[in-house]
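Peer 1: Any chance you could fold what I've pasted below:
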Amino acid sequence: MILIKDTIVSLEILEKEFCCDIDHCKGCCCIEGDAGAPVTEEEERLLNAMLPELLPQMTKEAREVVEKQGIAYNDPSGERVLSIVNDKDCIFVRTDHNGWCYCLIEKRFSGLGDERISGFKKPISCHLYPVRLTKVGNMTGVEYHRWDICHSSRQLGHKLHLPLYKFLKEPLIRRFGQEWYDELCLTASEWQKQNGPLR
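Peer 2: Numbers count the residues shown, from 1 in each chain. Predicted coordinates for the structure are as follows:
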């Protein structure tokens, strides 16, 4: 583990190689799993503000879920997460005629130009995946989450020699800031000098 400011970073963030292989997985992380993506209080507020615009684009099933419980709920651990349909599909996901999943929030972001709401591309938990954040006392744990459906992404990352922390540069800076990310890169460089190539 590495200490950077008020975070505890898993060495796997430096060790692993990763690159989302959308051509292979078609975005299935949005429709797999047994709970919704974690969402912050501020993100929930922004999404509720965007909801009138998003609702017409959502599936009938997703709109029914939102009507019953809202866009988020508390999972068994007490964490606030996005609502899901049929115990797996994110309410904000749609699937095109080729079977590709896409996020309505991200689609809205990419089409708004200067009218973007505070640069809100999608919940940070989605943007950071396969990194997950946990609370460790007064600190934040930054951990790598290994999921079978991302096997092709691990293979592609290895083929491209792309470290996980570099693949996630944008969301890591979004969450922790440039100074934090620069320190992470410096730590990674020193770590690799001592331990050799990534694996």
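Peer 1: count of residues packed around Asp89?
Peer 2: Neighbourhood size, Asp89 [other Cβ atoms under 10 Å]: 22. C-beta here means a position set from N, CA and C on the backbone, and glycine is covered the same way.
Peer 1: wait, what's in contact with the nearest residue to it once chain neighbours are set aside?
Peer 2: Closest residue in space to Asp89, ignoring its immediate chain neighbours: Ile31 at 4.6 Å, by Cβ to Cβ, 6 or more residues apart in numbering. By Cβ atoms under 8 Å, 6 or more residues apart in numbering, the contact set of Ile31 is Lys88, Asp89, Cys90, Val93, Thr95, Cys101.
Peer 1: please redo it, this time with the cut-off set to 7 Å
Peer 2: Ile31 sits next to Lys88, Asp89, Cys90, Val93, Cys101 when contact means Cβ atoms under 7 Å, 6 or more residues apart in numbering.
Peer 1: Who wins on neighbours among these?
Peer 2: Cys90 (26 neighbours).
Peer 1: I'd say it and Val81 touch.
Peer 2: No. The pair formed by Cys90 and Val81 falls short of the contact definition of Cβ atoms under 7 Å, at 9.8 Å.
Peer 1: what sits in contact with each of those two?
Peer 2: Common neighbours of Cys90 and Val81 (Cβ under 7 Å, 6+ apart) are Gly36, Ala37.
Peer 1: what about the chain, any weak spots by pLDDT?
Peer 2: 111-119, 196-199 (pLDDT under 70).
Peer 1: what about the strands in it?
Peer 2: For the chain, the strands defined by DSSP state E cover 2-4, 7-9, 72-74, 80-82, 84-85, 89-90, 93-95, 101-103, 131-136, 139-144.
Peer 1: Show me which of these has the highest average neighbour count.
Peer 2: Among the strands of the chain, the stretch with the highest mean neighbour count (mean count of other Cβ atoms under 10 Å) is strand 89-90, at a mean of 24.
Peer 1: Which elements pack onto that one?
Peer 2: For strand 89-90, there is no helix or strand it packs on, judged by 3 or more Cβ pairs under 7 Å, 6 or more residues apart in numbering; DSSP states H and E.
Peer 1: May I have the strands that pair with that strand, each with its orientation?
Peer 2: Applying DSSP bridges, strand 89-90 is found paired with strand 84-85 (antiparallel).
Peer 1: Residues in contact with the partner strand: which ones?
Peer 2: Contacts with strand 84-85, where a contact means Cβ under 7 Å, 6+ apart, come from Gly36, Thr59, Glu61, Ala62, Val65, Cys90, Ile91.
Peer 1: Please give the centre-to-centre distance between that strand and its chain.
Peer 2: 17 Å (Cα atoms, centre = their mean, to the nearest Å).
Peer 1: Please apply the same query to stretch 57-66.
Peer 2: The chain centroid and the centroid of stretch 57-66 are separated by 22 Å under Cα atoms, centre = their mean.
Peer 1: Over to stretch 75-82?
Peer 2: Centroid displacement of stretch 75-82 relative to its chain, using Cα atoms, centre = their mean, is 16 Å.
Peer 1: next one: stretch 1-9
Peer 2: Remark: stretch 1-9 is offset 19 Å from the chain centroid, using Cα atoms, centre = their mean.
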